[in-house]
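Asker: Sequence first, predicted coordinates after that:
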Amino acid sequence: ATRTGDSKWISSPLSRRLVHRERGRVDAIMTGIGTVLADDPRLTARDVRRRRTATRVILDRQLRTPPDSALCDTMADAPILLICDEARLASPEAEALRTRGVTLIGYPVVNGRFQLTSLMQVLYRDHDLSTILVEAGPGLMSDLVRSGCVDELAVFIAPRLMADPE
């Protein structure tokens, strides 16, 4: 996005279609709060054949996900599991998200971060999520790679130069 927040796709129609196809094949789509706040994504498979309806998993320690986000507005399309600091479960923000239909999961935060290896085990054991597509920024992606939680990477490189005039 530009400095003013104006954003357009930088990838090709083919790469976007491939992403939507993968969304329709996995058990879950995971992202972090940074992506939610920056892009306001829906994280749903659109205009492709869906073999599954992926659960949307949002990592949001402080419950900053807006209740009026595109994610919450599309609850009828796919469920949301929002992972937050367990201390936030009784907050007004938690209640506002629950009112929208979001399922909150309190999880311990250690040194300001979720322990991703054990979180992935919980998602598999308690929620039957074994194939997880991650669409996230460098923070969450780096943490997942460092934690050994990544089996495969797909990287799309757009042949575009992005620059603000200022």
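Answerer: Perfect, I can see it now. Residues are numbered from 1 along each chain as shown.

Asker: okay, residue 108: pLDDT?
Answerer: On pLDDT, residue 108 comes in at 95.

Asker: Check the burial of it by counting its neighbours.
Answerer: 11 (other CB atoms under 10 Å). C-beta here means a position set from N, CA and C on the backbone, and glycine is covered the same way.

Asker: Confirm for me that it is in contact with residue 86.
Answerer: Yes. Here residue 108 lies in contact with residue 86, judged by CB atoms under 8 Å, at a distance of 6.0 Å.

Asker: all helices for the chain, in order.
Answerer: 13-23, 33-39, 70-73, 92-99, 116-127, 138-146 (DSSP state H).

Asker: what about stretch 40-50, how long is it end to end?
Answerer: By CA to CA, to the nearest Å, the extent of stretch 40-50 from end to end equals 22 Å.

Asker: give the contact list for residue 64.
Answerer: Neighbour list for residue 64: 33, 36-37, 93 [criterion: CB atoms under 8 Å, 6 or more residues apart in numbering].

Asker: For residue 85, see how far away it is.
Answerer: Applying CB to CB, to the nearest Å, the value for residue 64 to residue 85 is 11 Å.

Asker: what's the closest of the helices of the chain to residue 154?
Answerer: Across the helices of the chain, residue 154 has its closest neighbour in helix 13-23 (7.8 Å, CB to CB).

Asker: What is the neighbour count of residue 115?
Answerer: Residue 115: 16 surrounding residues under other CB under 10 Å.

Asker: Check residue 69 too.
Answerer: There are 19 residues near residue 69, going by other CB under 10 Å.

Asker: from memory residue 45 sits against residue 18, does it?
Answerer: No. Under the criterion of CB under 8 Å, residue 45 is not in contact with residue 18, lying 11.3 Å apart.

Asker: So for these two, which residue has more residues nearby?
Answerer: Between residue 45 and residue 18, counting by other CB under 10 Å, residue 45 is the more crowded of the two (24 against 15).

Asker: where does this protein have low pLDDT?
Answerer: 1-11, 158-166 (pLDDT under 70).

Asker: Would you check how far apart the spatially most central residue of it and residue 136 are?
Answerer: With distances taken as CA atoms, centre = their mean, residue 31 lies nearest the centre of the chain, 2.0 Å away. From residue 31 across to residue 136, the span is 5 Å (CB to CB).
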